[in-house]
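Engineer: fold the following, please.
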Amino acid sequence: MKEKRILFFFLLLFFNYLHAQKKCFTSFYEQQELRNDPSLAEKINSVEGFAKSQINSGSYRLTGSSAIIKIPVVVHVLYHSPSENVSDEQVRSQIDALNRDFRRVAADTIKTPSFFKSLAADCEIEFQLAISDPQRRSTTGIIHKYTPINYWDSDDKMKFSSEMGDDAWDAKSYLNIWVCNLDQVVGYSSVPGGADNKDGVVIRYEVFGAIGTTAGYNMGRTAVHEVGHWLNLKHLWGDKDCGDDLVDDTPKQSTYNQGCPSVARISCGNGPNGDMFMNYMDFVNDECMNLFTNGQKERMRSLFVPGGVRNSILSSTGLSTPLIFEIPLPDQSPKWLHPQLYPNPTASWMTLDLSYDIRWLGKTLRVINMQGQVVMQVLITSKTQKIDVSNLYAGLYILKAKKEDGDFIEQKFIKF
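Structural biologist: Reported below is the predicted structural model:
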């Protein structure tokens, strides 16, 4: 019986760990980045030290034209299947959701408990889709790009065109958001102070925006949470039992909340009011979130003062009138998602169309007869690879190739 109780306990811990992974990968991502680049710790500490000094001195209180911080946004929509290609309307609904929550104008702010209302903040931060790209060309701020990748891990590959993703725009001038079929988790953010070419937020397409999204995630608050991380906010529990989120006015709590609690949990001596589970930096359902605090506002805005890691965004030209107006090119998604071999049958030449996935370039094709013998090998050098089979005997053959990720080609053809 004791062994069963221990097993149940570890299964419960494992379930909770998986749930946390499914909600947000940012803390795991940070640890992963620190392992890959130990020098990042010094940069993070520098950002933290600067933020603390600005908050202590009150210098985070930007005034005049900088009182409302406006952040240009570019959204990179990466899709493999049509269902992943979220619409421009859905993208705009997410921008609306960010502004709704960071400016505290959502209708459900009335749900904030009375004992926390004095702490709730209008962060005076707004988000707008960019109208000028880094070259001052006109843009909608939305990029739709087909990718042969079925799903993405939380390893930043979606942030690089060389990995079949899409390159970041200048992180000193834009907030980059990648929307894709993210595996296992719903989102994660880069670490302030990290590499510019990986700076931004990644969101699973099913929870992005306030229309066409999954129940429990249908108010766009996954992105609100992740953008909070991008602005240097931590989870309320500091990612350890009764940890520190470095914000004075958020009560300590033992770990994350989930679902939609009806009563606040008392933990880490935070009675009588208990956990601030309705804060955007917890893990409850979208409909149960409704505030950032004044302390969180201070922490976010401290990034934008002179010398802050996000200060350059205030002089971005992303929201300035474009200097170059171009007719946008249509989305170049392929007409098919699998290799096409034609003509088949053939007497001499065939074409293998691999335009849907350029990762085949440099791989080797093998032509195998019905006895299992390799009778030809061809190096793939073009997206539309020509294959000369004129010297083969008449008969049935198999064309084969394989990539490192396990994807393979195996097609029969007839030589007459």
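Engineer: helices of the stretch 1-150 of the chain, start to end?
Structural biologist: 2-23, 26-36, 40-57, 88-102, 114-117 (DSSP state H, counting those that start in this stretch).
Engineer: which strands and helices sit next to the fourth one?
Structural biologist: Right, helix 88-102. Here helix 88-102 touches strand 69-79, strand 125-129, helix 221-230, going by 3 or more CB pairs under 8 Å, 6 or more residues apart in numbering; DSSP states H and E. The C-beta positions use only the backbone N, C-alpha and C, and glycine is treated the same way.
Engineer: ok, 6 Å please
Structural biologist: Applying 3 or more CB pairs under 6 Å, 6 or more residues apart in numbering; DSSP states H and E, one finds that helix 88-102 makes contact with strand 125-129.
Engineer: now the third one
Structural biologist: Contacts defined by 3+ CB pairs under 6 Å, 6+ apart place helix 40-57 against helix 26-36.
Engineer: report the rounded mean pLDDT for the helix it packs on.
Structural biologist: For helix 26-36, mean pLDDT rounds to 95.
Engineer: then stretch 125-136?
Structural biologist: 97.
Engineer: buried residues, that stretch. List them.
Structural biologist: 125, 127-134 (16 or more other CB atoms under 10 Å).
Engineer: for it, measure first residue to last.
Structural biologist: Taking CA to CA, to the nearest Å, the first and last residues of stretch 125-136 lie 23 Å apart.
Engineer: can you list contacts of that stretch?
Structural biologist: With contact meaning CB atoms under 6 Å, 6 or more residues apart in numbering, stretch 125-136 is reached by 68-74, 95, 98-99, 102, 139, 141, 169-170, 317-320, 322-323.
Engineer: what's residue 342 in contact with, if anything?
Structural biologist: residue 351.
Engineer: quick check: phi and psi on it?
Structural biologist: phi -160, psi 160 (degrees, to the nearest 10).
Engineer: and the pLDDT for it?
Structural biologist: So, for residue 342, pLDDT stands at 93.
Engineer: gap between it and residue 370?
Structural biologist: Residue 342 sits 21 Å away from residue 370, going by CB to CB, to the nearest Å.
Engineer: repeat that for residue 402.
Structural biologist: Counting by CB to CB, the gap from residue 402 to residue 370 is 20 Å.
Engineer: quick one: the helices in the stretch 251-400 of the chain?
Structural biologist: 294-301.
Engineer: which residues touch residue 279?
Structural biologist: The contact partners of residue 279, by CB under 6 Å, 6+ apart, come to 236, 291.
Engineer: for residue 386, same thing?
Structural biologist: Counting by CB under 6 Å, 6+ apart, residue 386 makes contact with residue 351.
Engineer: closest to residue 146 out of the helices of the stretch 1-150 of the chain?
Structural biologist: When those are compared by CB to CB, helix 88-102 sits nearest residue 146, at 16.1 Å.
Engineer: and the angle from that closest one to helix 221-230?
Structural biologist: For helix 88-102 against helix 221-230, the angle by axes from the mean of the first three to the mean of the last three CA atoms, to 10 degrees is 60 degrees.
Engineer: buried sites along helix 88-102?
Structural biologist: Quick answer for helix 88-102 (16+ other CB under 10 Å): 90-95, 97-98, 100-102.
Engineer: can you check stretch 368-387 too?
Structural biologist: 369, 376, 378, 380, 385, 387.
Engineer: state the distance from the second one to residue 151.
Structural biologist: Distance, residue 376 to residue 151, using CB to CB: 34 Å.
Engineer: report how many residues lie close to the nearest residue to residue 138 once chain neighbours are set aside.
Structural biologist: Closest residue in space to residue 138, ignoring its immediate chain neighbours: residue 322 at 3.9 Å, by CB to CB, 6 or more residues apart in numbering. Around residue 322 there are 16 other residues, counting by other CB atoms under 10 Å.
Engineer: can you get me the start-to-end distance on stretch 23-42?
Structural biologist: Where stretch 23-42 begins and where it ends lie 28 Å apart, using CA to CA.
Engineer: contact partners of that stretch?
Structural biologist: By CB under 6 Å, 6+ apart, the surrounding residues in contact with stretch 23-42 are 154, 185, 188-189, 191, 229, 239, 283.
Engineer: among these, who's most crowded?
Structural biologist: residue 189 (27 neighbours).
Engineer: can I see the domain layout of this structure?
Structural biologist: Domain ranges of the chain: 2-315, 340-415, per automatic domain parsing.
Engineer: identify the residues contacting residue 353.
Structural biologist: Here residue 353 is in contact with 340, 384 (CB under 6 Å, 6+ apart).
Engineer: next one: it from residue 207, what distance?
Structural biologist: Residue 353 is 35 Å from residue 207, by CB to CB.
Engineer: and residue 294, by the same measure?
Structural biologist: 28 Å.
Engineer: between those two, which one's more packed in?
Structural biologist: residue 207 (23 against 16).
Engineer: hmm, that one is touching residue 218, no?
Structural biologist: No. Residue 207 is beyond contact range of residue 218, at 8.0 Å (criterion: CB atoms under 6 Å).
Engineer: okay, and the common contacts of the two?
Structural biologist: Listed as contacting both residue 207 and residue 218 by CB under 6 Å, 6+ apart is no residue at all.
Engineer: and the contacts of stretch 408-415?
Structural biologist: 339, 341, 344-345, 389, 392, 394, 396-402.
Engineer: again, but for stretch 356-371
Structural biologist: 148, 334, 337, 354, 374-380, 383, 396-401.
Engineer: quick one: low-confidence parts of the protein?
Structural biologist: The chain contains residues with pLDDT under 70 at 1-22, 59-60, 62-66, 328-332, 335.
Engineer: got the residue ranges for the strands in it?
Structural biologist: 69-79, 125-129, 142-146, 175-180, 187-189, 201-204, 340-342, 349-353, 364-368, 374-379, 384-388, 395-402, 408-415 (DSSP state E).
Engineer: what about those strands, which gets the closest to residue 273?
Structural biologist: When the strands of the chain are compared by CB to CB, strand 125-129 sits nearest residue 273, at 26.3 Å.
Engineer: angle of the closest one against strand 69-79?
Structural biologist: Strand 125-129 runs at 40 degrees relative to strand 69-79, counting by the same axes, to 10 degrees.
Engineer: how far away from the center of its chain is strand 125-129?
Structural biologist: 17 Å (CA atoms, centre = their mean, to the nearest Å).
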